[in-house]
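Undergrad: Pasting a predicted model and its sequence here:
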Amino acid sequence: MANESILSRLKAKAAEVSGTSPLTIGRTKMSTEQVCSYSELTLREFDWIKYVDKSTGESVEYPVLIFDEAEDGFYCGGMALSDLCKAIQDDAELRDGLKQEGLKMTFSSTRTENGNNYVNFTIL
């Protein structure tokens, strides 16, 4: 049992150092199509993936989201989900509420005039 705990800690530390999130360990990255296929998802937890873009030298971060209905998966959020997570992260009461109650939402994907995909979410 102790070895399992140490192994979990080692994996979490390796994920942290490599710029990934411990929340991704043992989970599969979900595509936008997969996330949009659910009639509703309950956001329960999130973390940040942070790295330095080698070509620009700029720090980049985006959220990794975990949903009750897709316990073996994680989803990497874009700008709108980043804004939501930033609004929640510094408020301990909201963070606790998210873990306790969850936040029900739906997702849809649209294309911008430039041809880029954009993921919309609606809070239920």
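TA: Cool, the structure landed. Numbering: from 1, shown residues only.
Undergrad: Longest strand in this structure, by number of residues?
TA: Using DSSP state E, we find that the single longest strand of the chain is strand 41-52.
Undergrad: can you give me the helices for this structure?
TA: In the chain, the helices defined using DSSP state H lie at 2-18, 32-37, 79-89, 92-101.
Undergrad: So which elements touch the longest strand of the chain?
TA: Where contact means 3 or more C-beta pairs under 8 Å, 6 or more residues apart in numbering; DSSP states H and E, strand 41-52 is packed against strand 59-67, helix 79-89, helix 92-101, strand 103-111. Where C-beta positions appear, they are placed from N, C-alpha and C, glycine not excepted.
Undergrad: residues near residue 91, how many?
TA: 11 (other C-beta atoms under 10 Å).
Undergrad: ok now do residue 82, which residues does it touch?
TA: 61, 62, 63 (C-beta atoms under 8 Å, 6 or more residues apart in numbering).
Undergrad: circling back to that earlier point, so which of the helices and strands packed on strand 41-52 is the most surrounded?
TA: Among the helices and strands packed on strand 41-52, strand 59-67 has the highest mean neighbour count (mean count of other C-beta atoms under 10 Å), at a mean of 18.
Undergrad: Just the CA trace of that strand, in CSV.
TA: C-alpha atoms of strand 59-67 as CSV (Å, rounded to 0.1, in the frame of the first residue of the first chain):
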residue,chain,number,x,y,z
SER,A,59,3.7,31.5,-20.7
VAL,A,60,0.6,29.6,-21.8
GLU,A,61,-2.0,28.1,-19.6
TYR,A,62,-5.4,26.4,-20.2
PRO,A,63,-7.7,24.4,-17.9
VAL,A,64,-8.1,20.7,-17.7
LEU,A,65,-11.7,19.8,-16.7
ILE,A,66,-13.1,16.7,-15.0
PHE,A,67,-16.7,15.7,-15.4
